[in-house]
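Asks: Got a predicted structure plus its sequence, pasted below:
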Amino acid sequence: MNRNQLSQLAVLASVAAHGSFRAAARELQIAPSAVSHAISTLEESLGVALLARTTRSVAPTEAGRRLLERLSPALSEIELALGAAVEMKDTVAGTLRLSVPRAVGHLMVAQRFGEFCETYPDVTLDICIEDNFVDIVAEGFDAGIRLNESLERDMVAVRFGPSICGAVVATPAYFARHGIPQHPSDLIHHRCINHRFSSGRIYRWEFEKGDETIDMAVNGPLILNDDRLALEAALQGAGLAFLFDLHVADAVADGRLVRVLEDWCAPFPGFYLYYPSRRRMRPALRAFIDFYKS
């Protein structure tokens, strides 16, 4: 492999990731013609087509897909090496890529963006909000945040945030009309706001009290895939919502919502930040963890 091919492979990965020559050019800060030339030259040198082009889309060929599968980890390691070189300075610096679920992004991380950026001006936070579990190594993330039950064994996990529990809530007016459930089984008589996961599966409400556990399907007027929408629907009296207690704390404190079935909502450890065990923790990641633990 010659030196030119290394840069051409980076261009190929960017085009494949974006599905667009122009988007790759914007990311790499070069002209679209330079992107096209790099891909053409690489294909000619290898003697195989790597991208299938139409007037509307660009996608890897079978040969391109197989090349990218093996190329992605190597490019991630190169990016990490460059980031580590930058961080040899006295100040914490570089781009920190994180895969974060929506609830954590909104409730824990976003509230301190300004303070973090002021404290670490040489760090660029690149945060991708997504609820589905992703392969952080293959996708080029430095770390991810998920519930502990979702983590793989080869990951180092660091507690991120307090223990949390579910909270079943509705407005005082709703309970005045429909009554207060005393047991999870009573929910079959109530209007409940369902949550659909990114996989398409609808969440079955989970309860625990002592040695007894219950998970049940509920019915109601809404199926949503965003907790903020579910909170707003509950505040408008649409029905019962089952959300993290952190999400509803303010509305419960000021009386806009009322919690029920609290003795059936057991606390659990909550979220963990995780990263591959084979990687040395980058200074920027250590700074992020320490900042949000403080």
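Replies: Done, it's in.

Asks: Residue ranges in the stretch 101-250 of the chain under the pLDDT threshold?
Replies: For the stretch 101-250 of the chain, the stretches flagged by pLDDT under 70 are 149-154.

Asks: Recalculate using a threshold of 90.
Replies: 102-103, 106-108, 111, 130-141, 146-163, 197-200, 211 (pLDDT under 90).

Asks: just checking, residue 49 touches residue 64?
Replies: Yes: if you go by CB atoms under 8 Å, residue 49 and residue 64 touch, sitting 7.5 Å apart. Where you see a C-beta, it was placed from the backbone N, CA and C, and this is true even at glycine.

Asks: Among these two, which residue is more densely surrounded?
Replies: residue 64 (21 against 14; other CB atoms under 10 Å).

Asks: quick one: the more buried one and residue 73, what's the gap?
Replies: 16 Å (CB to CB, to the nearest Å).

Asks: before we move on, what about residue 208?
Replies: 40 Å.

Asks: more crowded one of the two?
Replies: residue 208 (18 against 12).

Asks: so that one bridges to which residues?
Replies: Assessed by DSSP bridges, residue 208 has beta-bridge partners residue 213.

Asks: Report the contact partners of it.
Replies: For residue 208, the contact set (CB atoms under 8 Å, 6 or more residues apart in numbering) comprises 214, 264, 265, 266.

Asks: Same check on residue 139?
Replies: residue 99.

Asks: Can I get the buried part of the contacts of residue 208 as one PyMOL selection?
Replies: In PyMOL syntax, the buried subset of these is picked out as below (16 or more other CB atoms under 10 Å):
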select buried, resi 264+265
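
Asks: In TSV, list the contacts of residue 208 along with distance to residue 37.
Replies: Listed next are the contacts of residue 208 as TSV, based on distance: CB to CB, whole Å:
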residue	distance to residue 37
214	62
264	63
265	59
266	60
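
Asks: Next step: the contacts of residue 208 restricted to strands.
Replies: residue 214 (DSSP state E).

Asks: Which stretches in the stretch 151-294 of the chain count as strands?
Replies: 155-160, 166-170, 193-195, 205-209, 212-216, 222-224, 241-244, 258-260, 271-276 (DSSP state E, counting those that start in this stretch).

Asks: For the fifth one, report the contacting residues that lie outside it.
Replies: Under the contact criterion CB under 8 Å, 6+ apart, strand 212-216 has outside partners 184, 185, 187, 188, 204, 205, 206, 207, 208, 264.

Asks: Test my guess that the third one contacts residue 194.
Replies: No: with contacts counted by CB under 8 Å, residue 187 stays clear of residue 194, the gap being 11.4 Å.

Asks: list residues touching both of the two?
Replies: residue 218.

Asks: in the stretch 151-294 of the chain, which spans are helices?
Replies: For the stretch 151-294 of the chain, the helices defined by DSSP state H, counting those that start in this stretch cover 172-178, 227-235, 245-253, 283-293.

Asks: just checking, what packs against the shortest one?
Replies: Read that as helix 172-178. Helices and strands touching helix 172-178, by 3 or more CB pairs under 8 Å, 6 or more residues apart in numbering; DSSP states H and E, are strand 258-260.

Asks: Could you give the separation of the strand it packs on from the chain centroid?
Replies: 29 Å (CA atoms, centre = their mean, to the nearest Å).
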